[in-house]
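1. here is my input; please provide its structure:
(5 chains)
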Amino acid sequence: MVTTYYFVNNEIKKLSLKELAQALQGSEGMLWVDLDAPNEAEEETVLVSLFDFHPLAIEDCQSGATEEGHLPKVEEFNDYLFVIFNPVENPNSAENQNISRGVEIRTSQLSAFLSRRALVTHHYKPLRSIQYTAQLLTKNPNLLGRGPDFLFHLIIDDVVDNYTPLLDALDETVDRMEEEVFRSPGQRTMVRILSLKRNIQTIRRVAVYQREMLNRLSRGEFGLITSDEMIYYRNVYDHLVRMTDLAESYRDIVGGLLDAYLSVTSNNLNRVMKVLTIISTIFLPLSVITGFFGMNFHYLPGLDWEYGALGATIFMGAVAIGMLWVFKRNKWL
Amino acid sequence: MVTTYYFVNNEIKKLSLKELAQALQGSEGMLWVDLDAPNEAEEETVLVSLFDFHPLAIEDCQSGATEEGHLPKVEEFNDYLFVIFNPVENPNSAENQNISRGVEIRTSQLSAFLSRRALVTHHYKPLRSIQYTAQLLTKNPNLLGRGPDFLFHLIIDDVVDNYTPLLDALDETVDRMEEEVFRSPGQRTMVRILSLKRNIQTIRRVAVYQREMLNRLSRGEFGLITSDEMIYYRNVYDHLVRMTDLAESYRDIVGGLLDAYLSVTSNNLNRVMKVLTIISTIFLPLSVITGFFGMNFHYLPGLDWEYGALGATIFMGAVAIGMLWVFKRNKWL
Amino acid sequence: MVTTYYFVNNEIKKLSLKELAQALQGSEGMLWVDLDAPNEAEEETVLVSLFDFHPLAIEDCQSGATEEGHLPKVEEFNDYLFVIFNPVENPNSAENQNISRGVEIRTSQLSAFLSRRALVTHHYKPLRSIQYTAQLLTKNPNLLGRGPDFLFHLIIDDVVDNYTPLLDALDETVDRMEEEVFRSPGQRTMVRILSLKRNIQTIRRVAVYQREMLNRLSRGEFGLITSDEMIYYRNVYDHLVRMTDLAESYRDIVGGLLDAYLSVTSNNLNRVMKVLTIISTIFLPLSVITGFFGMNFHYLPGLDWEYGALGATIFMGAVAIGMLWVFKRNKWL
Amino acid sequence: MVTTYYFVNNEIKKLSLKELAQALQGSEGMLWVDLDAPNEAEEETVLVSLFDFHPLAIEDCQSGATEEGHLPKVEEFNDYLFVIFNPVENPNSAENQNISRGVEIRTSQLSAFLSRRALVTHHYKPLRSIQYTAQLLTKNPNLLGRGPDFLFHLIIDDVVDNYTPLLDALDETVDRMEEEVFRSPGQRTMVRILSLKRNIQTIRRVAVYQREMLNRLSRGEFGLITSDEMIYYRNVYDHLVRMTDLAESYRDIVGGLLDAYLSVTSNNLNRVMKVLTIISTIFLPLSVITGFFGMNFHYLPGLDWEYGALGATIFMGAVAIGMLWVFKRNKWL
Amino acid sequence: MVTTYYFVNNEIKKLSLKELAQALQGSEGMLWVDLDAPNEAEEETVLVSLFDFHPLAIEDCQSGATEEGHLPKVEEFNDYLFVIFNPVENPNSAENQNISRGVEIRTSQLSAFLSRRALVTHHYKPLRSIQYTAQLLTKNPNLLGRGPDFLFHLIIDDVVDNYTPLLDALDETVDRMEEEVFRSPGQRTMVRILSLKRNIQTIRRVAVYQREMLNRLSRGEFGLITSDEMIYYRNVYDHLVRMTDLAESYRDIVGGLLDAYLSVTSNNLNRVMKVLTIISTIFLPLSVITGFFGMNFHYLPGLDWEYGALGATIFMGAVAIGMLWVFKRNKWL
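-> Modelled structure (predicted):
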C-alpha cells in the first residue's frame, strides 16, 4: 500500500500515484511516500519508474522480507541518501515484553530514501513509528514543510524511543535473574541467563550500528541534512549513546551473574558436602564402637558388667558430642 | 528558585528576573544565573524567554528530573556551549559513604549554558559544588570578573573533587572485601563483590565520559573557552584521568577477588573432603574388622583366646595408625 | 587449462593463446582470462610472457597450491590490481555441510589480476563462482562489456554468497549444541563445542580480512575501479559486514555454551552428591542402631521385651523419616 | 634544600639563591636547580618569585607530598615544559626487592620544569637518579653545557634504568610462584599470586604512561627539545617499550598461573576423591559380608562348617582384589 | 669477524678493513659489511671510525649480547636507517624443534645499518640467514648491485622464512596437546599447556613487532628504500601477517584447551563420584539389613524360620537390583 503526503501551500494533500508523478515533474512542494507492505508492482512503480533509485538499494529494501533483514546502514547516492533502520515492530506487544521469559528480541527493517524534496519510506511490516509520524503530520502539516530531513528525524526519533520498553524489560529481567541466582538457582537459571545475555547483545548491536550511523548523519557528512536539522539528529544520537551505555552495563551485570551462579552452585556443593562429612564423622566411629561390642570374643571387657550397655551408650554420646565440638571450633558447621 | 549574580564595576549584585532582563539588554558585566530546582514557569522565563536556548538543550536539562538523568555531554551552539555533568549529590552524606554496604552510587545532573557574558546553571537537586562556588564568589567577586568560563571551571573542579569521598569509600571497601574473601567468605560475600564491581563500573563510566568531555574543553576545540582558561580545564581533566586510573585498578583487583573467592571456596571443599576421606579410610576398615569377629561361625580363630579382644583392639589400633601414617607421608593431612 | 573470453563488437569470443597475444597487442575489446588448474607452462605463458605480472604476485598465486593458501589481500601495481580471495570450494558439498559433525572448514585460493582491459583469474581448484560467472557471461556478453571491474565484482559477489551454506550449517550446529549442552552433555560435547568454536573463528577471520579488502576496493582508493562500479563493491562489502556480525554473535553464543557446559556438569555433580548424602544420612544412623542392639552386653535394655524388635524397627523408621523431613525442609531433595 | 648548578665558561658553579636571581637576570649560562624536599619558603622563592611558574603546575608538584603522587604527564606552557615522572625511590633497597614477599611497589614523584636555559627539578624524597646525575655533572660539566634538555634526559634515563631491579624481582617472583603452584599450592598461594598481579599492573601502568609521554617528547612535538636530543629521548622511549612488553608478558603468565592454580586444586580434589571411592568400594561390600555372617538366623549356611571362617575370609579377599582389579583396568588408581 | 663484500664493475670482491676505508672514500660500488661476533676493536673500527654511526644505535647493537636482546625496531638517522630484527638462531636445530617438550623459544638479535651505498649487519651469534644470503651473493653478484636495500630484503625474508619450522612445531604441539587433554590428561598436562601458551605468545609478539616494522618499511616512509624495492618488503610483511594470524589462531585454540582441560577434570570427578554414590547406595542399605538380623532381640521375626537366611538374602538382592534399576532409569550409570 502506497500513501503519499504532499505539502504545498501550507497544507497536506494525499496524492494518488498519478498525481505523485505530476508532483515530481514540478519543482515545488515536499513529499513523503510511504510504502507499507508494498507488492512488487508498487515497488516497481514507485522505486524504479518514479524515483529511479539504484537497483542495489532497492535490493537492500527487499531484504527486509527475510527473517533478519539488513543491518543498519547509510549510503550516499548522487542526489539522495539511502538509510536502513532496525525498528522494533510492536514495542508494547506482550511478546516483546516477555523477553524476561526467554523470548528472543526481533527487529524488523525500515528503509528510507531521503532527497531534497522527498522522503520515501519502505517497510514490509506495519510500524508504530510510521503511524505515529503520519498522525503528527495530519495535525501539523508544517512538519513536512520543514523538509523531508526534519520529517525523517521524527520517524527515527520515535523508532529509537520505541526501544525503551525493551530496555525496561531487560532491566527488570536483569534484576529478577539476580534475585533468582542468589535465592533459588535451578536447572533453568543458566538457560535464562544465556537467553538474557543474547538479548542484551542483540540490543547492543542494534544500538551500536545505529549510533555510528547517526553520528555520521549528525556530523554534516551528508549535504542533504541541513545544518539546522543536524542538532535533531544529534539528539537521536544521544539517545543511542545512552542505550549503548545501558546495554553495556547490563552486559557487565550479566557477566557477574554467570560468576555468581557458579559460585552459588559451588557453595551449595560445599554445604551438602559438609552435611555428609559431619554425618559420616559422627556415625562411622559409633558404628565401630557398636561393632566392637558385637564381637563374639568370649572375654570381652564389660559385657557382663551391669552398666556395660549404659557405659557404651555414654561413651558413644561423648564421641558424637566431641566430634560436633571439633566441628564447631573449626567453624565447619 | 532562580539566583542571579551580576558582576559589574568590580562588585557582585543579585538581580531579580526583571533586572536580569535589563542586564541582558546591555552589553557590560558578567552574569551567573543559577536555577536551583526551578519550576516550569522559571524554566520558561529564563531558558526560553530571556536566553532563548535551543529547545532540545532545554529538553536535555529537563531529563535531569528522571532517575538516571542524561549522560555527560558537551554541545556547541551558535553563541553558547551546552554542558551536562553528573555530580554526586551529597558526597559526604552517610548514604554515599555506605557504598561499602552495597548501597548503589547515584549521580544527579547539572546542566550548564556557557556564553561570552553569562553562565546559566540548572539542576533539580541542591548541589554542594554550586553552594560552595556561590560562597567563594561572595568573598571574591572577581572570580566572575574573569569570565563565565573561569567561574564554570570552579564549579566542575569542585564537582570532580567531590568524587573523592566515593573513591575513598570504594578503596576501603576493596580492602575490606579482600580481607573477607580470604578470612571468612560467606553466603553474602559474592553479593557484596558484585555490588562493589557495579559501583566501580558506575564511577568508571562517569569518569570516562567526563574525561573525554574535559579533554575537548581543554584542547581549544570551543572558542568560548579562552586559551588562558584552558589550562584550568586541563587541570580538571588531570583529576579525571587519575580517577579513571583508580577505577580501573579497582576493577582489576575486584576481578582478582572473584577468582580468589572461587579458589577459597574450592580450597574449603578440598579441606572438607579430606576430613571425610580420612574418617572413612580409618573407620571403614575398623568396621570390617569388628564385623569379622562378630560373625557367627562356630570355628572363628581367637574367639576363645583369653587376649583375643585385646589382640583385635591392638590390631585395629595398628590399622588406624598405619592409615594416618600413609596420609602423613602423602601430605594429605 | 586456460579459457579466454574476448568481448569485442558486442559479442563474446573464446580465444586461443595465440589470438590472446594478438588481442593484447590491439587496444580494443575487454578480456577475461581464466587459469583453471594451470600447469607451469600455462602460467609461464600467460602470467609472465603475455601479461608480464610482477614475479612476487605470481609467487603469491602459486601459494594457492599449498594447503592453506594465501590470506586475502589487495595490492596495487603500476597498471593492475592484484587481489587474493579465499572462496569455499564446493559450498553445497556434503563435506562442507558436515561442519556440524566436527569437519573443519577449508577455503581455497582465488587470485585475480585486474587491469583496464583485462581480468586474469587463477585458481588450482575448480570454483563454483567462476563456472557460474562464465555461464552468466555466455548468456549476457555485455557483462564483460561493462569492464573487467564489473565482471570481477560478479565473481566475488558469488564467492561471498557461497559462504551462506556454511553460515547456515554453523547456525544449525550452534542450535544443536545448545540443545545438547542442556539435555544430554556427554564426553564428546566439549570436543564438539571446541571444533565449532574453531570453525566460527575461521569463518570470522575470512570475513574480516575480505571485509577490510572490500572496504578499500569500494572507497575509491584504487583508480582501476571506476566510481560507477564502486557501489557494487560496497554491496559485497555489506554482505561481509553481515557475515562478520553473524560470526561474532555465534562466537558470543559459543562462549556462553562453554560456561553453560561447566555449569551443567557442576549441577550434575551436585545432584549426585545430594543422593549420596541423603543415602548416607539415612542409613549410617540406622546402621548404628542395628549395631547397638547387636552388641553382646548381657544387660541390654529391651532385648527380652516381646516387642523389642518391633520397637527398634519403628524407631529406625522414625529416624529415617525424620532425616527425610529435615532434607525436605531445607530443600535439599 | 635547594641546589643550583650554573654552567658558564665551561665550568660548573654552585649558586646561592641570590646568585641564582642574578644569573636569571643575565642571558648566558645554563642552570639546573634541584629542590630536594624543599620547605614552603623555598618553593615560594624558587618556583614563584624567581621562575614565576604557573600556579597549577606548582600545585601538581606539591601533590608529590600525598601518598600516591601525580600520574606522569607533560604539559607545555609558553616558554617551559612541565613534566612529572614516577621514579622508584630506592630501587636497590631491601623493601623493593621484597616484592616477591607481597610488598606493594610504590613510586614517588619527580616534577621538572624545562626551559631554554634552565632545568628545575622538584621532589620531596631523595632520588637516586638526581644524586647520580649530580655526580656525573661534577665530573663532566659539559653535560649541562649541552643544554637542560640533555641533562634532563640523563635524569629520566636513570629513572627508567632504576626500574630494572623491580622487573628482575618480578621476574624471579613469577618463576617462584610457578614453582609453588605446581609443587606445593597452599592457602597463601592465591594471596601471593594476586599481590604479584597487582604489582605487575602497577609497573605496567607506570611504564605505559611514561612511554606515551616519552613518545611525545621524542617526536618533536615540543620545541624545547632540540632535534639533536630527540634521539636520546627516543632511547628512553625504547626502554619503556621493552618494560611495557615485559610487564605484559608477566601479566599473561600470571593469568595462566591462576588457571593453573585452580586446575591443581581441582586435581588434588580428584585424587582425594579417588582414595575415598576406592576405600569405600572395597570396605563397604566387606562390611556387608561380615554382617551377613553375623546375622542371627538359626539356619545360616556354613556357620557349622569347619572352614567357614576361612572360606568367608578368602571370599572377602577375592572381593577386595576383584574391586582393585576393576579399578586398575579402568585406570582409576 | 668482519666480512666485506664490495660490488663494483659487476663483480663481488672481498675487502680488508683497509680496502674498505678506501672504498668508502670513493663514490662508486655497493658494500655489504657483516660483523659476525665482532670483538670490541672491530666494532670500534667499523661502526665508529669508518661509518661513524650514532652512539645510541651502536649501544642498541651491543644489547644483542644480553640474553633477551633488543626488541625489533627501525629508526631513521640522517643518511642511514637502523633496524633491529629478532631471528631464530638455528631454526632446524633439535632444540628449536623440541618446543613441544616445553623448551622455550629463544630469539637472537640482528642489527643492520642501511645507507645508499652500504649495508652493515651486526650479530653476536652465527645466523643462518646471513650465511644463506652470502652464498646467494657469491653465485649472483648482481644481488648487491641492485642496492643494499634489495640485499637487506633478502636477509630479512630468509629470517622470516626461518620462523616456519617453529610454527610447524607449534602446530604439531597444539594438535598433540589436544589429543592429550581429551585422551589422558595428567599432572603434567597443565604445565605443558602453559608452556605452549607462552611460546605462542613469544612468537606472536615477535611477529607483531616485526610486522609493524615491515609495514613502515614497505609504505615508502623511509626514502632509503626505493619504490621499486618496496614491493619486496611488502612481501615480507605479508609473511608476517600470515604468521601473526597463525599465532593468534593457535592462541585461541590453546585458550579452548584450558577450558577443555578443566571440563575433562570435572567430568572425571563426576564419574568417580558416581561410582562412589552407586557403591554407597547399594551397600549401605544392605549393611543395615544384615545389621537388623544381627540384633540380639530374643523375639526377632524369621530367625527360626528354616528359609530365613535365604529370604534375607533374596530381599537384599532385591534391594540391590532395585537401586541399580533406579540408577539406570535416571541415567546415572
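2. C-alpha only now, for contacts and for neighbours.
-> Will do.
3. for chain E, give me its nearest residue in the stretch 51-200 of chain A.
-> Going by CA to the nearest CA, chain E is nearest to A:Gln187 of the stretch 51-200 of chain A, at 15.7 Å.
4. now do the stretch 201-333 of chain A
-> Nearest residue of the stretch 201-333 of chain A to chain E (CA to the nearest CA) works out as A:Gly294 at 9.0 Å.
5. pretty sure that residue sits against C:His298.
-> No. Judged on CA atoms under 8 Å, A:Gly294 makes no contact with C:His298 at a distance of 11.3 Å.
6. settle it for me: which of those two has more neighbours?
-> The neighbour comparison of A:Gly294 against C:His298 (other CA atoms under 10 Å in any protein chain shown) goes to A:Gly294, with 27 against 15.
7. please list all residues in contact with the spatially closest residue to the residue of the stretch 201-333 of chain A closest to chain E that is not a sequence neighbour.
-> Spatial nearest neighbour of A:Gly294, chain neighbours left out: C:Met295 (3.9 Å); criterion: CA to CA, 6 or more residues apart in numbering or on different chains. Contacts for C:Met295 (CA atoms under 8 Å, 6 or more residues apart in numbering or on different chains) come out as A:Thr290, A:Gly291, A:Phe292, A:Phe293, A:Gly294, A:Met295, E:Met295, E:Asn296.
8. which residue packs closest to the residue in the stretch 51-200 of chain A positioned nearest to chain D, ignoring adjacent ones?
-> As assessed by CA to the nearest CA, chain D sits closest to A:Met190 within the stretch 51-200 of chain A, at 22.2 Å. Nearest non-adjacent residue to A:Met190, counting by CA to CA, 6+ apart: C:Ala260, 6.5 Å away.
9. what mean pLDDT does the helix or strand containing that neighbour get?
-> Assigned by DSSP states H and E, C:Ala260 belongs to helix C:227-294. Helix C:227-294 shows a mean pLDDT of 87.
10. for it, name the packing helices and strands.
-> Here helix C:227-294 touches helix A:189-217, helix A:227-293, helix C:148-161, helix C:164-183, helix C:189-217, helix C:308-329, helix E:227-293, going by 3 or more CA pairs under 8 Å, 6 or more residues apart in numbering or on different chains; DSSP states H and E.
11. can you redo those as JSON lines with mean neighbour count?
-> Shown next, in JSON lines, are those (neighbours: other CA atoms under 10 Å in any protein chain shown):
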{"stretch": "helix A:189-217", "mean neighbour count": "21"}
{"stretch": "helix A:227-293", "mean neighbour count": "21"}
{"stretch": "helix C:148-161", "mean neighbour count": "20"}
{"stretch": "helix C:164-183", "mean neighbour count": "17"}
{"stretch": "helix C:189-217", "mean neighbour count": "21"}
{"stretch": "helix C:308-329", "mean neighbour count": "15"}
{"stretch": "helix E:227-293", "mean neighbour count": "21"}
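12. can you lay out the ones you listed as TSV showing distance to B:Leu151?
-> Output for the helices and strands packed on helix C:227-294, formatted as TSV (distance: least, CA to CA, whole Å):
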stretch	distance to B:Leu151
helix A:189-217	31
helix A:227-293	27
helix C:148-161	59
helix C:164-183	58
helix C:189-217	48
helix C:308-329	65
helix E:227-293	52
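13. now the stretch 51-200 of chain A against chain B: closest residue?
-> The nearest approach of the stretch 51-200 of chain A to chain B comes at A:Phe182, 8.0 Å away (CA to the nearest CA).
14. pretty sure that residue contacts A:Val264?
-> Yes. Using CA under 8 Å, A:Phe182 is in contact with A:Val264, at 6.9 Å.
15. pretty sure A:Met316 contacts A:Ile289?
-> Yes. At 7.3 Å, A:Met316 counts as touching A:Ile289 under the criterion of CA under 8 Å.
16. where does the residue of the stretch 51-200 of chain A closest to chain E land in three-state SS?
-> What DSSP: H, G, I helix; E, B strand; the rest coil gives for A:Gln187 is coil.
17. residues in contact with the residue of chain A found nearest chain C?
-> In chain A, the residue that lies nearest chain C is A:Gly294 (3.9 Å; CA to the nearest CA). A:Gly294 is in contact with B:Thr290, B:Gly291, B:Gly294, C:Gly291, C:Gly294, C:Met295, C:Asn296, counting by CA under 8 Å, 6+ apart.
18. A:Leu269 reaches C:Asn270, doesn't it?
-> Yes. At 5.6 Å, A:Leu269 counts as touching C:Asn270 under the criterion of CA under 8 Å.
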